[in-house]
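Engineer: Have a look at this fold, sequence not included:
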């Protein structure tokens, strides 16, 4: 699929998410498909319907900045989605290069040692497509998905334990994971591990297909708060911090922590004690070399 076709997919997906009343237009007649009609979006953006058809069908490879800005306004895109639209519509010219097999991602040795020195702090490292590269024992005690070799996108949609872990907050987590994955790949999705991951999940999960079809984008959040329903110690409300690791595109250190002196802090301390007494404590998870995005 060429870049113009990716732009067309994005425009169609975002057009179908808007109703006429969302943009101040009257609703006339019976509609066979959801969202705005092409002629309605063309009117709002100040372009011809024929030109919009060419864009959506991937037959126009050079939309101007002004046209893309007009479409972004008409589609009510936020700044991140607008940036993504421009990246699709005006991708940088790729440099000719030989196709090489990507090297397996690894967590730096120093980071692995750092994780091992945090017995009371759950922490792990994931790669560009959210494969877990390393994790300390407390992260694994928080959830088995924090195990080297597990892909967090796949686990979010296919592992029932993840739904139980996040409870009513699962959908928000799932939306964020999908939007982050699309943003991470950006305007150059011709990546075999990425295509394999998306293809597998599109077949195996209806919810993933629905969220992927929305074409939502979201930059990587640096931190936030998430409630967790742990099967052994009960509810925790934890903060998380995400730190980019130098030397690897998309390689990220994730750290969980609780508010000092809170009930979650005491619960996390209990979980740390349980993890410390379990077999194999003190041996941080390590990456088993494998292709990014490969099935667990």
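Structural biologist: Received the coordinates, thanks. Since this is a predicted model, take the numbers as computed values, not measurements.
Engineer: Mind jotting down where the helices sit in this protein?
Structural biologist: 3-16, 38-45, 49-56, 65-74, 79-89, 109-116, 137-142, 152-158, 160-166, 170-185, 192-204, 206-213, 263-276 (DSSP state H).
Engineer: Sort out which residues of the first one are buried, please.
Structural biologist: Think helix 3-16. For helix 3-16, the neighbour count (16 or more other Cβ atoms under 10 Å) marks 3, 4, 6, 7, 8, 9, 10, 11, 12, 13, 14, 15 as buried. (Each C-beta comes from the backbone N, C-alpha and C, glycine too.)
Engineer: circling back: mind putting the helices of the chain in CSV, mean pLDDT and distance to residue 240 included?
Structural biologist: Output for the helices of the chain, formatted as CSV (pLDDT from 0 to 100; distance: least, Cβ to Cβ, whole Å):
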stretch, mean pLDDT, distance to residue 240
helix 3-16, 85, 29
helix 38-45, 88, 38
helix 49-56, 89, 38
helix 65-74, 89, 31
helix 79-89, 86, 20
helix 109-116, 94, 15
helix 137-142, 95, 11
helix 152-158, 96, 13
helix 160-166, 94, 12
helix 170-185, 88, 11
helix 192-204, 90, 23
helix 206-213, 94, 21
helix 263-276, 95, 12
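Engineer: Of the ones you listed, flag the one that's most buried.
Structural biologist: helix 137-142 (a mean of 24; mean count of other Cβ atoms under 10 Å).
Engineer: just checking, what packs against that one?
Structural biologist: Helices and strands touching helix 137-142, by 3 or more Cβ pairs under 8 Å, 6 or more residues apart in numbering; DSSP states H and E, are strand 123-126, helix 263-276.
Engineer: tell me the contacts of the residue lying closest to residue 136 once chain neighbours are set aside?
Structural biologist: Distances taken as Cβ to Cβ, 6 or more residues apart in numbering place residue 115 nearest to residue 136, at 4.1 Å, with adjacent residues excluded. Residues in contact with residue 115 (Cβ atoms under 8 Å, 6 or more residues apart in numbering) are 123, 124, 125, 134, 135, 136, 139, 284.
Engineer: circling back to that earlier point, can you put the buried residues of helix 3-16 in JSON lines and add distance to residue 30?
Structural biologist: Converted to JSON lines, those look like this (distance: Cβ to Cβ, whole Å):
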{"residue": "3", "distance to residue 30": "35"}
{"residue": "4", "distance to residue 30": "32"}
{"residue": "6", "distance to residue 30": "31"}
{"residue": "7", "distance to residue 30": "29"}
{"residue": "8", "distance to residue 30": "25"}
{"residue": "9", "distance to residue 30": "26"}
{"residue": "10", "distance to residue 30": "27"}
{"residue": "11", "distance to residue 30": "23"}
{"residue": "12", "distance to residue 30": "20"}
{"residue": "13", "distance to residue 30": "22"}
{"residue": "14", "distance to residue 30": "23"}
{"residue": "15", "distance to residue 30": "18"}
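Engineer: And the residue nearest the centre of the chain?
Structural biologist: Geometric centre of the chain, nearest residue: residue 180, 2.5 Å, by Cα atoms, centre = their mean.
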